[in-house]
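**Q** sequence and computational prediction follow.
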Amino acid sequence: MFRHDSSHIGLSPYAGPSSLSLVWSYEMGGNLYSSPAVGEGSVYVGSRDKNVYVLDSTGALRWSYATGADIKYSSPMLGSEESVYIGSDDNTFYALNSDGSLQWSYGAGEWVNSSPSRGDGGMVYVGSNDNALYSLNSNGSLRWSYLAGDKLESSPALRTDGSVYIGSRDTSVYSFASSGGLSWSYKTEGEVFSSPVLGSDGKGYAGSADTALYAFDSDGTLLWSYGTGGSLYSSVAIDGEERLYIGSYDNSMCSINSDGSFFWSYVTGEAVISSPTLGSQGMVYAGSSDNRLYAVDSIGMLRWSHETGQGIYCSPALGSDGRLYIGSNDNLLYCIEGAATVTPTPPGTDTPAETPTPTESPTMSPTSTPSEIPTAPPMPTPTATPTINYVNLGTFPTEVSPGERVTMVWLCDLSRWNYRGARVDVYIAAIRDPRVQGGPSSVRDALAGGAVYLYGPGMKSVYRYKGRVGKPTYSNVAFPPVAAAGSIRITTPRSSSFKGNYVFATAFVRRDRRSFVRTDGKPVENSNLFTIK
């Protein structure tokens with residue numbers, strides 16, 4: 001089933017690979033937007049060549065079934081006795097037997113791009129581009145339907161009480177009782193392609209093309225929203241600590257705490273439409289439009305990546321054998337295996353030598369107005385083959401008014417300098433009216449430009465300093481095997497007294513030696529200049 005179960009949490013009971021080994025790939029006649037599903041010894045997927053394919057564990061074809069048009073975003077759902085359910089652009093929803101023969105079909109009024117979900121008693125729920133949500137009995141007969149204001153390409157999510165949630169291109173998230181009656185709806189500012197996800201704590205989550213992720217209580221009350229830098233077509237994944245993971249059109253995958261606060265983000269080369277899949281031991285897997293599959297651990301560090309021939313839009317699936325399956329727009333389905341994952345240890349937090357006093361300064365804002373959120377520029381793609389002595393800092397936009405948001409995206413790799421596995425403190429500060437351009441030659445030079453805004457551990461607080469920086473942004477971090485990447489997004493002060501030029505500066509301090517990790521001979525790296533005007 002899409003996103004593993006009817007709640008769509010994207011958390012697998014199986015540990016996925018922490019290292020990369022391509023076992024096999026299978027070429028089909030069309031793009032693979034459909035996410036694969038894994039059964040006992042078989043993998044199922046739909047293709048834009050109109051066919052449903054079933055392959056065995058060796059990558060050999062077991063059978064295929066031809067529909068009347070492309071299978072786009074609808075992903076296979078497995079039922080009892082290996083039956084298969086999927087929608088097609090021929091306006092039909094199919095139920096297939098385990099041998100590939102047709103069990104029954106249901107005709108909708110338009111394309112069926114929604115992925116089906118299964119409820120109690122074999123009931124099936126699926127949306128259609130004819131604006132209708134359908135509830136079907138196990139024999140394919142109609143129980144009820146509901147007509148929304150626009151296309152339903154989102155996949156329905158089900159609670160244990162039988163209530164159903166779905167997003168619509170009419171910008172709304174809908175909740176229905178099991179009988180088909182509308183319980184509530186919530187209108188966002190953009191189309192909702194993202195499939196709702198239901199957490200074990202009773203909360204529901206849905207992303208919108210308005211760039212925001214929304215968190216709802218079971219009665220439809222908005223709990224919080226979190227603004228990303230781009231539209232959300234990806235669906236949320238939820239780990240055992242109720243932490244959230246989602247891809248964004250701002251070229252990143254981000255992790256958000258259950259209260260809506262920022263945890264980390266990982267930058268890719270292009271938009272992340274793929275919905276993340278979580279392994280049982282903390283690994284996060286997602287594809288990107290930059291033609292690459294990423295495996296990132298639970299603190300946002302890259303473990304490995306794999307390049308495909310074209311962009312990846314679908315969600316990865318994990319099998320009980322620990323293998324990962326992913327489709328690509330290059331028409332190939334990939335099977336990847338590797339070593340078992342190890343749960344990473346989150347970075348610790350030291351008590352600073354001095355306690356700073358908070359003053360007027362930039363603040364983190366998990367809830368934001370979409371119009372305030374910038375779109376990220378393309379960033380270099382971190383890969384499994386790191387660049388020696390590489391640090392890249394990018395700040396955007398380069399001009400903002402007081403009170404508007406600014407983002408720094410950072411990517412670094414020093415593993416070839418024998419820092420792999422070292423414990424480091426990471427200092428990130430915004431330097432006002434910097435006197436040093438093109439990269440400082442010393443920490444004193446970097447901080448010579450006046451006021452310094454330092455971001456506290458976990459990005460939970462912001463402090464203003466005059467002169468030197470006394471507290472690390474991230475404390476006691478294990479240096480990653482390959483590369484580290486993330487972003488810091490702040491709201492600039494609203495007072496006009498803060499107008500001026502700024503840069504972000506970063507420094508890495510090795511804890512065992514209390515020495516700076518030097519990049520290109522410099523202890524501190526600057527971002528490009530940005531201006532509060």
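**A** Cool, got the structure.
**Q** residues near the nearest residue to residue 324 once chain neighbours are set aside, how many?
**A** Distance criterion C-beta to C-beta, 6 or more residues apart in numbering; nearest residue to residue 324, sequence neighbours excluded, is residue 336 at 4.6 Å. Every C-beta, even on glycine, is put in place using the N, C-alpha and C of the backbone. By the criterion of other C-beta atoms under 10 Å, residue 336 has 24 neighbours.
**Q** OK, contacts around residue 211?
**A** 190, 227, 228, 229, 230, 231, 232, 248, 249, 250, 370, 373 (C-beta atoms under 8 Å, 6 or more residues apart in numbering).
**Q** and which of those residues is nearest to residue 15?
**A** Set against residue 15, the nearest of the contacts of residue 211 by C-beta to C-beta is residue 248 (26.1 Å).
**Q** surely the closest one meets residue 266?
**A** No: contact criterion C-beta atoms under 8 Å: residue 248 and residue 266 do not qualify, at 10.7 Å.
**Q** give me the common contacts of the two.
**A** Taking C-beta under 8 Å, 6+ apart as the criterion, residue 248 and residue 266 both touch residue 254.
**Q** ok so, going back, measure the residue nearest to residue 324 to residue 191 for me?
**A** Distance of residue 336 to residue 191, computed by C-beta to C-beta, to the nearest Å: 32 Å.
**Q** likewise residue 109?
**A** Distance of residue 109 to residue 191, computed by C-beta to C-beta: 19 Å.
**Q** so those two - more neighbours on which side?
**A** Per other C-beta under 10 Å, whichever of residue 109 and residue 191 has more neighbours is residue 191, with 21 against 12.
**Q** please, which helix or strand holds the more buried one?
**A** Element membership for residue 191, per DSSP states H and E: none, as it lies in no helix or strand.
**Q** mind listing the strands for the stretch 1-150 of the chain?
**A** Assigned by DSSP state E, counting those that start in this stretch, the stretch 1-150 of the chain shows strands spanning 21-27, 37-38, 42-46, 51-56, 61-66, 77-78, 84-88, 92-96, 102-107, 117-118, 124-127, 132-136, 142-147.
**Q** can you point out the buried residues in the fifth one?
**A** Under the neighbour-count criterion of 16 or more other C-beta atoms under 10 Å, strand 61-66 has 64, 65 buried.
**Q** sketch out the low-pLDDT regions of the stretch 101-250 of the chain for me.
**A** Scanning the stretch 101-250 of the chain for pLDDT under 70 picks out no residues.
**Q** one step back: can I get the contacts of residue 211 in a markdown table with neighbour count and secondary structure?
**A** Shown next, in a markdown table, are these (neighbours: other C-beta atoms under 10 Å; DSSP: H, G, I helix; E, B strand; the rest coil):
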| residue | neighbour count | secondary structure |
| --- | --- | --- |
| 190 | 16 | coil |
| 227 | 21 | strand |
| 228 | 27 | coil |
| 229 | 23 | coil |
| 230 | 20 | coil |
| 231 | 23 | coil |
| 232 | 29 | coil |
| 248 | 26 | strand |
| 249 | 21 | coil |
| 250 | 28 | coil |
| 370 | 17 | helix |
| 373 | 20 | coil |
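**Q** and which of these is nearest to residue 8?
**A** Of all the contacts of residue 211, residue 8 sits closest to residue 232, with 14.2 Å by C-beta to C-beta.
**Q** hang on, the earlier thing: doesn't the residue nearest to residue 324 lie inside a strand?
**A** Yes: counting by DSSP: H, G, I helix; E, B strand; the rest coil, residue 336 falls inside a strand.
**Q** partner residues bridging it?
**A** Per DSSP bridges, the residues bridged to residue 336 are residue 22, residue 324.
**Q** relative to residue 288, how far out is it?
**A** Relative to residue 288, residue 336 is positioned 15 Å away (C-beta to C-beta).
**Q** got it, and residue 10?
**A** From residue 10 over to residue 288 (counting by C-beta to C-beta), the distance is 16 Å.
**Q** where along the stretch 251-400 of the chain do the strands fall?
**A** Along the stretch 251-400 of the chain, the segments classed as strands by DSSP E, counting those that start in this stretch run 252-256, 262-267, 277-278, 284-288, 292-296, 302-307, 317-318, 324-327, 332-337, 390-396, 399-400.
**Q** can you put the strands of the stretch 1-150 of the chain in JSON lines and add distance to residue 507?
**A** Below are those laid out as JSON lines (distance: least, C-beta to C-beta, whole Å):
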{"stretch": "strand 21-27", "distance to residue 507": "37"}
{"stretch": "strand 37-38", "distance to residue 507": "45"}
{"stretch": "strand 42-46", "distance to residue 507": "47"}
{"stretch": "strand 51-56", "distance to residue 507": "50"}
{"stretch": "strand 61-66", "distance to residue 507": "55"}
{"stretch": "strand 77-78", "distance to residue 507": "50"}
{"stretch": "strand 84-88", "distance to residue 507": "52"}
{"stretch": "strand 92-96", "distance to residue 507": "57"}
{"stretch": "strand 102-107", "distance to residue 507": "61"}
{"stretch": "strand 117-118", "distance to residue 507": "49"}
{"stretch": "strand 124-127", "distance to residue 507": "50"}
{"stretch": "strand 132-136", "distance to residue 507": "53"}
{"stretch": "strand 142-147", "distance to residue 507": "56"}
